[in-house]
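Asks: Turn this into a structure:
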Amino acid sequence: MKKWIVLSAAVCCAGASPAQYTPHPAMATEFGFVSPVAFSMLLSANYGELRGNHFHSGIDIKTQGVINKPIRAIADGTVVRIAVSPSGFGKALYINHPNGTTSVYGHLERFSDSIERYIHEIQYARKSFAVDVTPPAGKFVFKQGEQIALSGNRGSSGGPHLHLEVRETDSQRPLNLLARGMLQVRDTIPPKPVVLYYIGVDTVQGVPVHTVRWKLSVRRDARGNYTLLDTAALRVARNGYFAVEAEEKKNGTDNPMGVYAFDVTYDGKPAFSMVVDRIGFDVGRYCYAAALYPQSRATRNGVYRLYKLPNNRLPVYRKTVRNGLLTLDDDGRHEVGIELTDDCGNASRLAFRVVRGLSAPQVVPDGIPVDWTKDFRHQQGGLSLSVPRGALYESILLDLSEKPKQRYAYSPLYAIHTPDVPLQGAVTVSIDASELPAELRSKALLATVGRDGGRSAAGGAWKEGRVTTETRSFGTYYIAVDTVAPRITPQFKSGDDFASRKTLSFKISDDFSGIGSYSATIDGKWALFEYDPKTATLTHYFDDGRWSRETTHVLVLTVADGKGNKTVFKGNYRR
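Replies: Residues are numbered from 1 along each chain as shown. Modelled structure (predicted):
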């Protein structure tokens, strides 16, 4: 029987005995892994945290605010993949284990010496900083607890930490490693429902329209369960569902985490259940459908939609009745229960009553019906829009409008629906460019302007009188041009003596289309520079095996943006 956790509860996560808590049915037994760090694990993120366009696929382990902490293998295994990239995991190792799992270590600063030398040679052979390598079978084998790398802050990382995943080797699906008992962190804190939303569902022109009809704060009662500030029965529409903003934390950290499971009952009967585990990368973007968007984007906590949208292929849903929709055909009171469980077995419950009584919304939306199961094409003025089937999470009433051309634009502005509605697949946006001067065509792209007036590049190119791009965001689009070359700012003076230094670096930036490529030579030979987009820095680590000491070297750096504008730096240094 499920045990509700109140303030006096004391539960330790994965590894706790069955007497301490009853695991969710999806939890598995312990795998015998060891911690990848030699100090107490504190997390800054767990598996399943809502990340906008994906669920977080592992746990983020704090490294005491610094880089270069030793990282060790969580089990015996063989390195099967080594990846280096300016984005994503930055530097990452993938190790296969005999039990059918693969561990992944991301945002590393440095691999073990043998792997570092191996990758260095491949980068020079391929003349590329970014590489993705499958080493020969058995080339790098580690024992459990053996050091494999140093922690870092590489790639798309917001601060020093280790990203750790455990995947099924065959499918490469990441697993909820805390819920499955693979590793242990201290967690005695049950998830906390903070705000309850009710979303009414109406039908307009054959299209379901979802409207947030109310939101209410949640409070804790004397018994440790959760209820609403107003305990009277809440008025709802005939058809609708709920969403809940949930606060989940672990002991010793204030970082928001993801909730592991939700179970909803209507009048005591199961109506909706989701368990966040085993989410493949091919379906991760459906996270947009699992969250109440854009409300979830506006808070540190996740706002979970307790309803399954029609185009939602996430494998997290269990018992759902009519996808979680609550339909009331009578005027009686009905009981709603929402159970939240974290990945360490702590649970909380929100209970309240509802009664039918909400009238239809005052404002009836209008627009062009777009069926998510069918391809859609539409032309309006100079705009052409193509929405392939499956690009939407459900059918919508598409709103299109045209605004006058602005001084920064080479076309009118076309408002395509709203960025508050996310997209699963890419749509094609094409704008007439027949009046664009010939000398600007190669520099043309589409751009968007936000509600705050900020403008950003959306990509694309001129072809046959139009500028076209594929995008996964609705918004306001227009034709822009980029003729301004990137900026290169050396972090040294030409002629400097680097005899006692290990690196030299540049800052690089671009006003609009973004950095597209870069290449550097020293004394006419290709040189490896590591790119960190977070700090806009290119760094060269001196390699005295390739360039001689006690001489003056000629350095040439070329940086191009997304539209082919180039800047070249030429200088020299002594080492």
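
Asks: need the strands for the stretch 351-500 of the chain, in chain order.
Replies: Ranges of strands within the stretch 351-500 of the chain are 368-370, 376-380, 383-387, 396-398, 400-403, 413-416, 422-432, 444-449, 455-459, 461-463, 466-473, 475-481, 487-490, based on DSSP state E, counting those that start in this stretch.

Asks: Now tabulate these in JSON lines and tack on distance to Glu247 and mean pLDDT.
Replies: Placement of C-beta: from N, CA and C, glycine included. Output for the strands of the stretch 351-500 of the chain, formatted as JSON lines (distance: least, Cβ to Cβ, whole Å; pLDDT from 0 to 100):
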{"stretch": "strand 368-370", "distance to Glu247": "36", "mean pLDDT": "97"}
{"stretch": "strand 376-380", "distance to Glu247": "39", "mean pLDDT": "97"}
{"stretch": "strand 383-387", "distance to Glu247": "36", "mean pLDDT": "98"}
{"stretch": "strand 396-398", "distance to Glu247": "31", "mean pLDDT": "97"}
{"stretch": "strand 400-403", "distance to Glu247": "38", "mean pLDDT": "97"}
{"stretch": "strand 413-416", "distance to Glu247": "35", "mean pLDDT": "98"}
{"stretch": "strand 422-432", "distance to Glu247": "23", "mean pLDDT": "98"}
{"stretch": "strand 444-449", "distance to Glu247": "32", "mean pLDDT": "98"}
{"stretch": "strand 455-459", "distance to Glu247": "31", "mean pLDDT": "97"}
{"stretch": "strand 461-463", "distance to Glu247": "45", "mean pLDDT": "98"}
{"stretch": "strand 466-473", "distance to Glu247": "28", "mean pLDDT": "98"}
{"stretch": "strand 475-481", "distance to Glu247": "30", "mean pLDDT": "98"}
{"stretch": "strand 487-490", "distance to Glu247": "42", "mean pLDDT": "98"}
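
Asks: need those strands in a markdown table with mean neighbour count and distance to Lys507, can you?
Replies: As requested, these are exported to a markdown table (neighbours: other Cβ atoms under 10 Å; distance: least, Cβ to Cβ, whole Å):
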| stretch | mean neighbour count | distance to Lys507 |
| --- | --- | --- |
| strand 368-370 | 17 | 44 |
| strand 376-380 | 14 | 43 |
| strand 383-387 | 21 | 38 |
| strand 396-398 | 20 | 43 |
| strand 400-403 | 14 | 36 |
| strand 413-416 | 20 | 33 |
| strand 422-432 | 19 | 32 |
| strand 444-449 | 23 | 24 |
| strand 455-459 | 17 | 20 |
| strand 461-463 | 16 | 28 |
| strand 466-473 | 18 | 28 |
| strand 475-481 | 23 | 24 |
| strand 487-490 | 15 | 4 |
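
Asks: So if we follow the domain assignment, how does this protein break up?
Replies: According to automatic domain parsing, the chain comprises the domains 59-168, 192-356, 368-481, 487-574.

Asks: Give the rounded mean pLDDT of the first one.
Replies: What it means is domain 59-168. Mean pLDDT, domain 59-168: 97.

Asks: Nearest approach to Asn68 belongs to which of the strands of the stretch 351-500 of the chain?
Replies: strand 487-490 (26.1 Å; Cβ to Cβ).

Asks: For the closest one, which strands pair with it and how are they oriented?
Replies: Here strand 487-490 is paired, per DSSP bridges, with strand 503-509 (antiparallel).

Asks: residues of the partner strand that come out buried?
Replies: Using 16 or more other Cβ atoms under 10 Å as the test for burial, strand 503-509 gives Leu504, Ser505, Phe506, Ile508.

Asks: go on, stretch 240-252?
Replies: So for stretch 240-252, counting by 16+ other Cβ under 10 Å, buried means Gly240, Tyr241, Phe242, Ala243, Val244, Glu245, Ala246, Glu247, Glu248, Lys249, Lys250.

Asks: What is the nearest of the residues you listed to Arg278?
Replies: The closest of the buried residues of stretch 240-252, once distances to Arg278 are taken by Cβ to Cβ, is Glu248, at 19.2 Å.

Asks: residues contacting the closest one?
Replies: Asn46, Ile189, Pro191, Lys192, Pro256, Met257, Gly258, Val259, Asn301, Gly302, Leu340, Asp342 (Cβ atoms under 8 Å, 6 or more residues apart in numbering).

Asks: How many residues are close by the residue nearest to Leu177 when sequence neighbours are not counted?
Replies: Once flanking residues are discounted, Leu177 sits nearest to Val166: 4.5 Å by Cβ to Cβ, 6 or more residues apart in numbering. Counted with other Cβ atoms under 10 Å, residues neighbouring Val166 total 26.

Asks: Equivalent analysis for Tyr518, please.
Replies: By other Cβ under 10 Å, neighbour count at Tyr518 equals 19.

Asks: By residue count, which helix of the protein is the longest?
Replies: The residue-count maximum for a helix in the chain (DSSP state H) belongs to helix 113-126.

Asks: Tabulate the buried residues of stretch 240-252 (CSV), appending distance to His161 and secondary structure.
Replies: Listed next are those as CSV, based on distance: Cβ to Cβ, whole Å; DSSP: H, G, I helix; E, B strand; the rest coil:
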residue, distance to His161, secondary structure
Gly240, 40, strand
Tyr241, 36, strand
Phe242, 34, strand
Ala243, 30, strand
Val244, 28, strand
Glu245, 25, strand
Ala246, 23, strand
Glu247, 21, strand
Glu248, 18, coil
Lys249, 17, coil
Lys250, 14, coil
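
Asks: which of those residues lies closest to Val141?
Replies: Of the buried residues of stretch 240-252, the one sitting nearest to Val141 (Cβ to Cβ) turns out to be Lys250, at 33.2 Å.

Asks: Would you convert the buried residues of strand 503-509 into CSV that also reports pLDDT and distance to Leu326?
Replies: CSV is the format used below for the buried residues of strand 503-509 (pLDDT from 0 to 100; distance: Cβ to Cβ, whole Å):
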residue, pLDDT, distance to Leu326
Leu504, 96, 63
Ser505, 97, 58
Phe506, 98, 58
Ile508, 98, 54
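
Asks: Run the chain-centre distance for stretch 439-450.
Replies: 27 Å (Cα atoms, centre = their mean, to the nearest Å).

Asks: quick revisit: dump the buried residues of stretch 240-252 into TSV; add distance to Ser430 and pLDDT as well.
Replies: Below are these laid out as TSV (distance: Cβ to Cβ, whole Å; pLDDT from 0 to 100):
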residue	distance to Ser430	pLDDT
Gly240	38	97
Tyr241	36	98
Phe242	40	98
Ala243	35	98
Val244	40	98
Glu245	38	98
Ala246	41	97
Glu247	44	96
Glu248	43	97
Lys249	46	96
Lys250	48	97
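
Asks: Among those, which one sits closest to Ser442?
Replies: Ala243 (46.6 Å).

Asks: Quick check: beta-bridge partners of that closest one?
Replies: Beta-bridge partners, per DSSP bridges, of Ala243: Tyr197, Arg305.
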